[in-house]
Every structure is written in structure tokens, then in C-alpha cells.
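Participant: need a structure here:
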Amino acid sequence: MIMNSLELQPLKYRHSILIIDDEAAILDLFGMILTPDKFDLHTAASAGEALEILKQKQDFSIIISDQMMPKMTGVQFFTVARDICPLATRILLTGYTDMDAIIDAINSGGIHLYLTKPFRKDDLLYQLNQLLTKTELVMENRRLDELVKQQNEELLELNKHLEEKVRIKTKDLALKAEALSASYDKISMLLEGTVLAMSKIVESRDPYTAGHEQEVAHIACMIAQRMQLPAEQIESIRIAASLHD
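Facilitator: This is a model prediction of the structure:
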């Protein structure tokens, strides 16, 4: 027997609870125990009425059903209800202790707990508190899973945008490099033409030195190559030698 000294765990949420019983007195008793300021309580006088409620609202944390009811037993009701509201904790309320019926309830209706009539208020509140505490842990885990999933999706989206930005930037840099290369080639051609023109001018003033600049440039480049100088430096030596006169 549960003692009154056991403290109830504080709950974070105001949970919805559905009670099904064909006895109005039992429904009234639950209404007095599960006060509206702590629980969102819904009641039904039959399994059929309860199924109609479940079709409209599926976010129940706990469903408590009497076993012996006309037209549909509690086990039969839970067999259908578990498909409509699979996340709810299912409690079977029975006036007798029949182990075969209890085993059938667990196997057929997916019952999490059974309570026998009559029940004590403190026992009921303690049992519900324990179940709802576990429910809130599951809810928190689901919330964290959804948060992680959302953050992963956001990261994937950011990565897609980043990859696209990198691709565009890379393409832009490649175009600029191509433009710089073309500009460098053009400048090199202009420089080569200028050097050649200046060399011809010198040769025209002194016919005896015709071809002298080119020969000096050729020899200077051969020496620079044997010295294993960088290509840029060899080119500078060639230009300087071509204009040394």
C-alpha cells in the first residue's frame, strides 16, 4: 500500500487525461480527484463515446478505462485506442483480480498498468504522478530529438549555401585569374615589341653593331641558365641585355 508520506514529483506540464467508465459515480470521483487546475480531464460513459473523443484529440498523456462495460470491454477499447493514440499511457480499471484477464489486457491492449476498484485517492495520485513523470522524460527526449533534427537540417542548409558561395567565389577567382593572365600576356607582347623597336633604333644609328644586342642577350641568358637563376630573372636579363647599348 502506498503511504501518504511519499511526495509527488513536480510536473512541468498540464496533462490531458481521458477516463472511461459506465458508472457516473466513478467519473464524478475522478473529477474530484483530478482537479482542473492540475489536469485537463475528459470523461466518457462508454467506449464508443471515448473513441469519438480520441478522433478529435490525440494528445492524451493517460487513458484510464474500466474493464467491464457494455458493448465493448476495456481491453477491446484499448486494442482500438492504441492505434489512434499510441503515445498515451493506458491504464485498465477492474473490479476483480483475474490474472488471465490482466495478461490478455497486456497482450491485446498494450496495457501499461491496471488498478483495482475500490482505489484510494493517494494511491491513484501517486501512480499517476509516477507515470506522468516518465511521460515527461519521454516528451523531453522527443523535444531534444526534434531540436537536434532541426539543427542538423539547418546545418545542412547552411552547408549547401556555403558550398554554393564557394563555387561562385571559385568561379569568380578563376575568371579574374584568366583575365590577369591575358593581361599579362598582352603586356609582355607590348614590352617585347618596345624592346625590339628600341634595339632596331640603336642598330639603325650604328650599322656595325647590327645584331649585337641580340647576341649579347642570347649569351647572357645562357649564362643565367647555367647559373640556374629563376625564369623571371632570366627574362629580365634578356631584356636588359637587349637594351644594354
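
Participant: can we go C-alpha only for contacts and neighbour counts from here?
Facilitator: Will do.

Participant: Okay, and residue 76 sits in which element?
Facilitator: In the assignment (DSSP states H and E), residue 76 maps to helix 74-84.

Participant: Please enumerate the helices of the chain.
Facilitator: Assigned by DSSP state H, the chain shows helices spanning 24-33, 47-56, 74-84, 99-109, 121-205, 212-226, 231-242.

Participant: and the helix holding residue 76, what other elements does it pack with?
Facilitator: helix 47-56, strand 89-94, helix 99-109 (3 or more CA pairs under 8 Å, 6 or more residues apart in numbering; DSSP states H and E).

Participant: mind redoing it with 10 Å?
Facilitator: Packing contacts for helix 74-84, counted by 3 or more CA pairs under 10 Å, 6 or more residues apart in numbering; DSSP states H and E, involve helix 47-56, strand 62-66, strand 89-94, helix 99-109.

Participant: Residues touching that helix, excluding its own?
Facilitator: With contact meaning CA atoms under 10 Å, 6 or more residues apart in numbering, helix 74-84 is reached by 20-21, 46-48, 50-51, 54-55, 57-58, 63-69, 71-73, 85-86, 88-94, 101-102, 104-111.

Participant: ditto for stretch 90-97
Facilitator: With CA under 10 Å, 6+ apart as the test, stretch 90-97 has contacts from 18-21, 60-68, 74-75, 78, 81-82, 101-102, 105-106, 109-119, 128.

Participant: List the contacts of residue 153.
Facilitator: Applying CA under 10 Å, 6+ apart, we find residue 153 in contact with 147, 159.

Participant: Now do it, the pLDDT please.
Facilitator: The model reports residue 153 with a pLDDT of 86.

Participant: repeat for residue 89
Facilitator: Confidence for residue 89, expressed as pLDDT, is 91.

Participant: I'd like the distance from stretch 119-130 to the chain centre, please.
Facilitator: 38 Å (CA atoms, centre = their mean, to the nearest Å).

Participant: sorry, that was for stretch 118-125
Facilitator: Distance of stretch 118-125 from the chain centroid (CA atoms, centre = their mean) equals 43 Å.

Participant: now stretch 186-196
Facilitator: Relative to its parent chain, stretch 186-196 has a centroid offset of 60 Å by CA atoms, centre = their mean.

Participant: From here on, call the first residue 53.
Facilitator: Noted, 53 is the first residue going forward, which turns the last one into stretch 238-248.

Participant: quick check: mean pLDDT across it?
Facilitator: When pLDDT is averaged along stretch 238-248, the result is 76.

Participant: Give me the buried stretch members for that stretch, please.
Facilitator: 247, 248 (16 or more other CA atoms under 10 Å).

Participant: All set now, cheers.
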